[in-house]
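Engineer: sequence isn't available, so here's the structure alone:
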């Protein structure tokens, strides 16, 4: 199963894992993310209503308590997620950041969720970059 993940990542730049997180665990994470989003929106309402497609720093202490942050860090460091990353990424890897992506509130605004190479590389160049550049993945 992990070999297929590595192959999919090398070929497509992404991996889809159905039922990867048990529903009880997913519900705990969802409750923390919803609490973050509610608090973040209260501080950033104008931005959220007019331009936002994501918010950053879910693991920062500004919007979540210590226990809530611990839920996220335990997930990030969990054996299944680390094992998946190790099966896809060769060599050492590091956690970079946390962001929450969402559809824009403004229905006329395009949602520009992307993988960073999509901004400046053709599809063929993206495939080549997957072979030679540092790799990263988004868990969503």
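Structural biologist: It's in. Computed from a prediction, not measured in an experiment: that's the story for all the values here. Numbering: from 1, shown residues only.
Engineer: can we go C-alpha only for contacts and neighbour counts from here?
Structural biologist: Noted.
Engineer: residues contacting the residue lying closest to residue 35 once chain neighbours are set aside?
Structural biologist: Leaving aside its sequence neighbours, residue 35 sits nearest to residue 64 (Cα to Cα, 6 or more residues apart in numbering; 7.4 Å). Residues in contact with residue 64 (Cα atoms under 8 Å, 6 or more residues apart in numbering) are 32, 35-36, 58.
Engineer: could you pull up phi and psi at residue 64?
Structural biologist: phi -130, psi 150 (degrees, to the nearest 10).
Engineer: now it: how far from residue 7?
Structural biologist: According to Cα to Cα, to the nearest Å, residue 64 stands 37 Å off from residue 7.
Engineer: let me see the mean pLDDT of the longest helix along the chain.
Structural biologist: Criterion DSSP state H: the longest helix present in the chain is helix 23-43. For helix 23-43, mean pLDDT is 95.
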